[in-house]
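1. using only what follows, build the 3D model:
(one chain, ligands or ions: 2)
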Amino acid sequence: MTSGSGSQPGLTPLDVALRLACEQVPVSDLIETRELTECHGAILREDVIAAINVPSVDNSAMDGYALRMADLALLPQTGALTLPVAGVALAGHPFIDEIPTGRVVRIATGAAIPHGADAVIIQENVAASADESEIRIERAVIERVRQGDNIRRAGEDVKQGTVLLPAGKRLRPQDVAVAAGQGRAHLVVARPLRVAVFSTGDELAAPGGELPPGGIYDSNRFAMIGMMRAIGCDVTDLGLLRDDFAVLQAALSEAADNHDVILTSGGVSVGKADLLKPVVDSLGSIEAWKLAIKPGKPLMRGRIGDCLVLGLPGNPVSVMVSGLLYAVPLLLHMMGARIEDRAIVRFPMPAGFNLKRRTGRREWLRARLHRNGNGQMVALPFHSSSSGVLSSMVWAEGLIELAEDRAGVQQGEIVDYIPFAGLQAF
Ligand SMILES: Nc1nc2c(c(=O)[nH]1)N[C@H]1C(S)=C(S)[C@@H](COP(=O)(O)OP(=O)(O)OC[C@H]3O[C@@H](n4cnc5c(N)ncnc54)[C@H](O)[C@@H]3O)O[C@H]1N2
Ligand code: MOO
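-> Numbers count the residues shown, from 1 in each chain. Ligands and ions are numbered 1, 2, ... in the order given. Below is the predicted model:
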């Protein structure tokens with residue numbers, strides 16, 4: 001992450017704000033044991049240590065014949081070697097005995113290597129007799145066989161005792177699969193945070209209802225709910241609240257009693273109807289406000305009892321940007337995610353545009369990658385940088401990040417590009 005130097009006085013740089021928030025907001029001690037099939041996306045809250053070697057025994061990587069290397073020395077001066085087949089080893093059905101000297105064992109991929117065998121020749125490289133009682137191996141093939149060929153060694157994939165998955169890891173399909181490979185049917189994971197979500201504003205109408213003259217439909221609630229669900233939170237949709245001190249106070253007070261987090265949009269600026277701050281102040285405390293970021297500057301962090309309150313600004317792009325870059329990493333921290341699993345992935349890309357801008361806030365432009373006439377990939381911003389234009393987020397496939405002190409961009413200069421897939425809530 002960039003340092004945040006060059007921030008406008010009075011505004012907190014994002015990195016500082018997040019670091020402080022992570023210091024002041026404790027990691028939740030609420031954990032649960034969950035069935036493996038339900039673990040995808042959850043934050044692991046135990047170290048998963050390999051209880052067994054994978055594979056548990058040496059096994060064959062290919063379909064073919066297991067043999068003793070020493071037997072290949074029996075090859076006559078000219079021609080080929082013919083060896084009788086002593087039996088068959090299939091996955092789940094091993095050849096129990098030691099492989100007899102001078103014989104081979106027909107073996108399937110995944111079957112245990114019979115005792116005494118030290119290489120497998122693939123079946124395409126030998127000629128089996130019609131009744132499959134013996135195989136003929138040509139000199140050229142024998143000369144190429146090496147000790148250990150096509151044998152997967154016990155513990156080659158996973159060594160017993162190693163930390164396979166560290167606590168704090170956000171579980172991807174492969175992580176859950178590797179736990180299954182250890183025979184684990186359950187994992188200890190973070191209990192989903194209970195997040196109450198609502199939008200505020202007298203101009204808002206709920207989708208499905210009628211739109212009053214001059215009104216707008218509430219879109220922010222759905223962006224917030226989506227981001228929260230994407231990181232595994234248990235969301236309560238509290239709908240729309242009017243710009244009314246008593247209404248807001250009653251709703252927040254009740255929500256704080258049975259949620260870990262309250263997430264709201266709107267009403268955190270300095271206008272007459274921006275009541276969220278005084279309401280939170282009356283019920284608890286405000287711990288941080290105003291970040292050096294664009295969009296999303298008026299961003300409130302407060303507390304009512306044990307409940308964290310995050311007041312995101314009302315502009316629809318601001319909600320998403322501050323949600324993705326501040327609320328999501330903070331909530332992942334609360335669920336015990338490691339820093340790596342809260343990280344944002346940035347790719348340096350040449351800019352396909354020119355821009356002049358005011359310094360002092362870190363800024364994110366809605367962006368896409370585009371292949372220009374020279375076949376070079378460049379990052380391009382949306383034509384408007386207004387934080388009210390939600391369709392810019394639909395057009396975009398990522399964000400261009402400009403550091404606080406960057407006064408502009410010249411075509412061809414390198415900018416940081418964050419694909420949406422490099423954020424945690426997609
Ligand atoms: N004098 C100042 N005015 C403003 C400042 C400032 O520093 N001084 N900051 C501006 C910035 S930056 C932002 S961002 C907004 C944030 O203000 P609020 O959080 O109080 O948001 P509202 O005023 O309630 O709404 C802003 C804008 O967004 C629309 N909106 C609100 N909620 C929704 C929703 N749920 N779905 C869709 N659209 C929503 C609302 O209609 C407004 O157009 O303040 C600036 N002003
Ligand atoms: O923070 Mo505001 O989002 O710049 O529009």
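
2. from here on, contacts and neighbour counts on C-alpha atoms
-> Fine.

3. could you check how far Ser282 is from ligand 1?
-> The gap separating Ser282 from ligand 1 is 18 Å, by Cα to the nearest ligand atom, to the nearest Å.

4. and the pLDDT for that residue?
-> At Ser282, the predicted lDDT confidence score is 97.

5. helix or strand for it, which one?
-> Here Ser282 sits within helix 276-283, counting by DSSP states H and E.

6. now that helix: how far from the chain's centre is it?
-> The chain centroid and the centroid of helix 276-283 are separated by 34 Å under Cα atoms, centre = their mean, to the nearest Å.

7. following that helix, which helix or strand comes up?
-> Next helix or strand after helix 276-283 toward the C-terminus (DSSP H and E): strand 285-289.

8. wait, isn't Arg191 in contact with Met335?
-> Yes. Arg191 sits in contact with Met335 when judged by Cα atoms under 8 Å, with a separation of 7.4 Å.

9. those two - which one has more neighbours?
-> The residue with the greater number of neighbours, taking Arg191 and Met335 and applying other Cα atoms under 10 Å, is Met335; the counts read 29 against 21.

10. where's the more buried one relative to ligand 2, distance?
-> For Met335, the distance to ligand 2 - Cα to the nearest ligand atom - is 27 Å.

11. list the contacts for the residue lying closest to Glu401 once chain neighbours are set aside?
-> Once its chain neighbours are removed from consideration, Glu401 has its nearest residue in Trp364; the separation is 4.6 Å (Cα to Cα, 6 or more residues apart in numbering). Each residue near Trp364 by Cα atoms under 8 Å, 6 or more residues apart in numbering is listed here: 294-295, 321, 399-402.

12. overlap between those and the residues near ligand 2?
-> The subset of the contacts of Trp364 within reach of ligand 2, counting by Cα under 6 Å from any ligand atom, consists of 294-295.

13. closest to Ala61 out of the contacts of Trp364?
-> Comparing the contacts of Trp364 against Ala61 with Cα to Cα picks out Leu399 as the nearest, at 44.3 Å.

14. what sits up against the one helix or strand that closest one maps to?
-> Secondary-structure assignment from DSSP H and E places Leu399 in strand 398-402. Outside strand 398-402, the residues that touch it by Cα under 8 Å, 6+ apart are 362-368, 379, 381, 415-421.

15. after that strand, next one along is what?
-> Downstream of strand 398-402, the first helix or strand assigned by DSSP H and E is strand 408-409.

16. ok, that next one: who's next to it in the sheet?
-> The strands beside strand 408-409 in its sheet (DSSP bridges) come out as strand 355-356 (antiparallel).

17. from ligand 1, how far off is Ser318?
-> Ser318 sits at a distance of 6 Å from ligand 1 (criterion: Cα to the nearest ligand atom).

18. brain fart, Arg184
-> Counting by Cα to the nearest ligand atom, the gap from Arg184 to ligand 1 is 43 Å.

19. which ones are touching that residue?
-> Arg184 makes contact with Leu36, according to Cα under 8 Å, 6+ apart.

20. quick one: contacts of the helix holding Ser282?
-> Counting by Cα under 8 Å, 6+ apart, the neighbours of helix 276-283 from elsewhere in the structure are 245, 248-249, 252-253, 267-268, 286, 300, 302-304, 311.

21. keep those, but drop any that are not near ligand 1.
-> Filtering the contacts of helix 276-283 for proximity to ligand 1 by Cα under 6 Å from any ligand atom leaves 267-268.

22. now, of the contacts of helix 276-283, which are buried?
-> The neighbour-count test (16 or more other Cα atoms under 10 Å) applied to the contacts of helix 276-283 identifies 248-249, 252-253, 267-268, 286, 300, 302-304, 311 as buried.

23. want to throw these into a markdown table with secondary structure and pLDDT?
-> Below are the buried ones among the contacts of helix 276-283 laid out as a markdown table (DSSP: H, G, I helix; E, B strand; the rest coil; pLDDT from 0 to 100):
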| residue | secondary structure | pLDDT |
| --- | --- | --- |
| Leu248 | helix | 96 |
| Gln249 | helix | 97 |
| Leu252 | helix | 97 |
| Ser253 | helix | 98 |
| Gly267 | coil | 89 |
| Val268 | coil | 89 |
| Ile286 | strand | 94 |
| Met300 | strand | 94 |
| Gly302 | strand | 97 |
| Arg303 | strand | 97 |
| Ile304 | strand | 98 |
| Gly311 | strand | 96 |
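
24. which one of the residues you listed sits closest to ligand 2?
-> Val268 (10.3 Å; Cα to the nearest ligand atom).

25. the closest one reaches Ala288, doesn't it?
-> No. The pair Val268 and Ala288 does not pass the contact test of Cα under 8 Å, sitting 11.8 Å apart.

26. which residues do those two both contact?
-> 299-300.

27. which residues are contacting whatever helix or strand Leu263 lives in?
-> Counting by DSSP H and E, the element that carries Leu263 is strand 261-265. Counting by Cα under 8 Å, 6+ apart, strand 261-265 makes contact with 193-200, 220-221, 224, 252, 255-256, 307-314, 319, all of which sit outside it.

28. cutoff 7 Å now
-> If you take Cα atoms under 7 Å, 6 or more residues apart in numbering as the criterion, strand 261-265 is touched by 194-200, 220, 256, 307-314, 319.

29. residue numbers of the stretch 51-200 of the chain in contact with ligand 1?
-> The stretch 51-200 of the chain has residues Ser199 near ligand 1, with proximity defined as Cα under 6 Å from any ligand atom.

30. what are the boundaries of the helices in the stretch 51-200 of the chain?
-> Remark: helices assigned in the stretch 51-200 of the chain by DSSP state H, counting those that start in this stretch are 139-144, 173-180.

31. I'd like the mean pLDDT over the first one, please.
-> Mean per-residue pLDDT for helix 139-144: 92.

32. quick one: buried residues of it?
-> Neighbour count says helix 139-144 has 139, 142 buried, by 16+ other Cα under 10 Å.

33. need the contact list for Phe426.
-> Residues in contact with Phe426 (Cα under 7 Å, 6+ apart) are 230, 420.

34. go again using 10 Å as the cut-off
-> With contacts defined as Cα atoms under 10 Å, 6 or more residues apart in numbering, Phe426 is in contact with 226-227, 229-231, 324, 420.

35. return the member of these nearest to Lys169.
-> In terms of Cα to Cα, no member of the contacts of Phe426 lies closer to Lys169 than Ile231, at 12.5 Å.

36. much appreciated, bye for now.
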